[in-house]
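> What would the 3D arrangement of this be:
(one chain, ligands or ions: 1)
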Amino acid sequence: MATLWGGRFKKPIDPDFETFSRSIQYDYRLAEYDIYHSLIHTRALKNGGILDGQECERILAALGEVLREVEQGTYTPDAAAEDIHSEIHGRLEKKIGALAAKLHTLRSRNDQIAFDEKYYCLQVTVNITRRLEDVLDALMQLSRKYPEQPFVGYTHTQRAQVVLFSDYLGAFFLMFKRDLERIKEFGDRTIPYIGAGALAGSSLNRKDYARAIQDLFGDTETAVRPVENSLDNVADRDFLAELLSILSIVQMHLSRLAEDFILYSTQEFALLDLPEEFCTGSSLMPHKKNPDFLELVRGYTGKIYGNLMALLTTMKGLPLTYNRDMQLDKEPVFEAVAIVEKELQILAKLLPGVAVEEAAVARALQDEFLYATEIAEFLVFQRVAFKEAHDIVGRLVRYAKENKVSLKTMSDGQLAEFHPALRQQEMARIIDPQYAISSKKTISHKLPEYHA
Ligand code: ARG
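Residues are numbered from 1 along each chain as shown. As a prediction, this is how the structure comes out:
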């Protein structure tokens, strides 16, 4: 396959190196965006007087044919091409012969690839936003199924205090909502620039590009702009590091939800029941229902964080401007995007099918020590200093544990040894999930709005 270079070489490229250097096997995904670059650049060349009207129309028509193939899903890239830019160039040569060579005037693949990747990021932003919205909807649905359900709240994986199940879900809701805001803000600052040349800019002027952009997009809003700093444009891969960072944070949230649901669905915790469609059985043990989807989500965290590290390390210390190392920026991003999109899509289907094990939760909520903090707070309202109240209830808990007695069954006389304000009637009132929840006045118990 012909390359976009070669005049200064006497010897042909080593075939093993040629294969080694290819990126077409993954960068073919950028075909659509690469064609947009060409559609703008062709018009800019005409605006700058380098192509005449007829040449411009012929190139645009040929590009349009390739674009239709891509849109219709019939585009199969030539696996022998060096990269997506050479691949599309090869196609144009077949369609319009020598005229194809005129398209690659005053432009460089360095400019194309930066443009293509940023355009790709904008599309990813739209897709991930949609997926995150579906997860938020699903959390909302599950939450509505259990509006008043009390639940066990943990710190240090130890039973801590009673919370509402909907507030527990609300915590995940807020995490994914922040992710949604992050990805939208990322989209807002990602600008596909055009006109950088190899690094130094091009002798077409900014107006030629501005008019070309206007011609292509007309009234539809576009983020595409004539380049500002050509060196930065071909050297910058911040946007990919940023996208992978955002995906890593999404993945961190996914992994925490996965871990909680895995734990909570064990017989030991027995708080949640997972929908069967997202679990698998054991080939040996007939009784098993394993949370494999959630385990895979937890496991993929290694890959997503690893891909962020791979990109940051590839970019570390790279001299300005473009270096071929940067070709390796694509696979980690494509892979992470595909994984996170799938995870979010499946999670949105799983969530509404989760069930609270209401009887088991009710049993867990009978654990009287879950209300120890509320008992201490009760004493505070009897004007006992919190530190003292903490100590009193600590001793009470130790006494109950050592003597295997229930706080609710202790007599007024026994309780009075710890503090005179502690009475059986008060204990019965406080050791109750509804009391614990209604005594917390700072939280709104509402899932926030997220639609713009
Ligand atoms: N395929 C390259 C990449 O993905 C873009 C082409 C620039 N190559 C070059 N030799 N200047 O980074």
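> okay, CA-based contacts and neighbour counts for the rest of this
OK.
> pLDDT below threshold where in this structure?
Within the chain, the stretches with pLDDT under 70 are 1-2, 448-452.
> Have a look at it and report its longest helix.
helix 109-145 (DSSP state H).
> in it, what's buried?
By 16 or more other Cα atoms under 10 Å, the buried positions in helix 109-145 come out as 109-122, 124-125, 128-140, 142-143.
> Show me the subset of the residues you listed that also lies near the ligand.
Arg109, Asn110, Ile113 (Cα under 6 Å from any ligand atom).
> Now do the contacts for the first one.
With contacts defined as Cα atoms under 8 Å, 6 or more residues apart in numbering, the neighbours of Arg109 are His85, Ala198.
> ok, now with 10 Å
Leu4, Asp34, Asp83, Ile84, His85, Ser86, Phe115, Asp116, Ala196, Gly197, Ala198, Val234 (Cα atoms under 10 Å, 6 or more residues apart in numbering).
> ok, the third one - how many residues close by?
Which is Asp83. 24 (other Cα atoms under 10 Å).
> Now do the helices in the stretch 151-300 of the chain.
Along the stretch 151-300 of the chain, counting by DSSP state H, counting those that start in this stretch, helices occupy 165-189, 206-217, 230-235, 238-264, 292-315.
> Pipe those into CSV and attach mean neighbour count and distance to His390 per row.
CSV is the format used below for the helices of the stretch 151-300 of the chain (neighbours: other Cα atoms under 10 Å; distance: least, Cα to Cα, whole Å):
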stretch, mean neighbour count, distance to His390
helix 165-189, 18, 26
helix 206-217, 18, 67
helix 230-235, 22, 59
helix 238-264, 19, 29
helix 292-315, 18, 38
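> Find the nearest non-adjacent residue to Ile431, please.
Tyr371 (5.7 Å; Cα to Cα, 6 or more residues apart in numbering).
> Get me the contact residues on the protein for the ligand.
So the chain meets the ligand at Ser23, Asp83, Arg109, Asn110, Ile113, Arg324, Met326, Gln327 (Cα under 6 Å from any ligand atom).
> neighbours around the closest residue to the last one other than its chain neighbours, how many?
So that's Gln327. In space, and not counting its chain neighbours, Gln327 is closest to Ser23: 7.3 Å by Cα to Cα, 6+ apart. Neighbour count for Ser23, taken as other Cα under 10 Å: 19.
> How about Leu320?
The number of residues near Leu320, taken as other Cα under 10 Å, comes to 12.
> that older thread, which of the ones next to the ligand among the buried residues of helix 109-145 sits closest to Leu311?
Nearest to Leu311 out of those is Ile113 (Cα to Cα; 15.9 Å).
> Quick check, the closest one in contact with Ile35.
No - Ile113 lies out of contact with Ile35 (Cα atoms under 10 Å); the separation is 11.3 Å.
> Now do the shared contacts for those two.
Ile84, His85.
> Same list (the contacts of Arg109) but as a markdown table, adding distance to Pro77.
As requested, those are arranged in a markdown table below (distance: Cα to Cα, whole Å):
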| residue | distance to Pro77 |
| --- | --- |
| Leu4 | 16 |
| Asp34 | 13 |
| Asp83 | 10 |
| Ile84 | 8 |
| His85 | 11 |
| Ser86 | 10 |
| Phe115 | 20 |
| Asp116 | 16 |
| Ala196 | 26 |
| Gly197 | 25 |
| Ala198 | 25 |
| Val234 | 25 |
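> which among those residues gets closest to Lys303?
Asp116 (24.1 Å).
> Please name the residues that touch the closest one.
Per Cα under 10 Å, 6+ apart, neighbours of Asp116: 27, 29-37, 109, 122, 192-194.
> which of those tops the neighbour count?
Ile194 leads these on contacts (other Cα under 10 Å) with 28 neighbours.
> What separation do you get for that residue and the ligand?
15 Å (Cα to the nearest ligand atom, to the nearest Å).
> From Ile392, how far out is that residue?
71 Å (Cα to Cα, to the nearest Å).
> Likewise for Ser38?
Distance from Ser38 to Ile392, counting by Cα to Cα: 76 Å.
> Look at the two and report which has more neighbours.
For Ser38 versus Ile392, the count of surrounding residues by other Cα under 10 Å is larger for Ser38: 21 against 18.
> centre of the chain versus the helix or strand containing the more buried one, how much separation?
If you go by DSSP states H and E, Ser38 is part of helix 31-47. When distances are taken as Cα atoms, centre = their mean, to the nearest Å, helix 31-47 is centred 31 Å away from the chain's centroid.
> Give me the most central residue, this protein.
Leu247 (3.5 Å; Cα atoms, centre = their mean).
> hang on, isn't that one packed against Pro332?
No - using Cα under 10 Å, Leu247 makes no contact with Pro332, being 11.4 Å away.
> so what's in contact with those two at the same time?
With Cα under 10 Å, 6+ apart, Leu247 and Pro332 have common neighbours Ile304, Tyr305, Leu308.
> ok, now which ones touch the first one?
When the contact criterion is Cα under 10 Å, 6+ apart, the partners of Ile304 are 244-245, 247-252, 310, 332-333, 335-337, 339-340.
> For this protein, which residue gets nearest to the ligand?
Gln327 (3.4 Å; Cα to the nearest ligand atom).
> Could you report the distance from that residue to Ala114?
Taking Cα to Cα, one finds Gln327 at 10 Å from Ala114.
> cool, and Tyr36?
From Tyr36 to Ala114 the distance is 13 Å (Cα to Cα).
> again with Thr3
20 Å.
> quick one on the thing from earlier: quick one: the ones next to the ligand among the buried residues of helix 109-145 as CSV, columns for distance to Glu185 too.
Listed next are those as CSV, based on distance: Cα to Cα, whole Å:
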residue, distance to Glu185
Arg109, 28
Asn110, 26
Ile113, 22
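> Please identify which helix or strand holds the closest residue to Asp134 other than its chain neighbours.
Of all residues not flanking Asp134 in the chain, Ala348 sits nearest, at 5.8 Å (Cα to Cα, 6+ apart). Under the criterion of DSSP H and E, Ala348 resides in helix 330-350.
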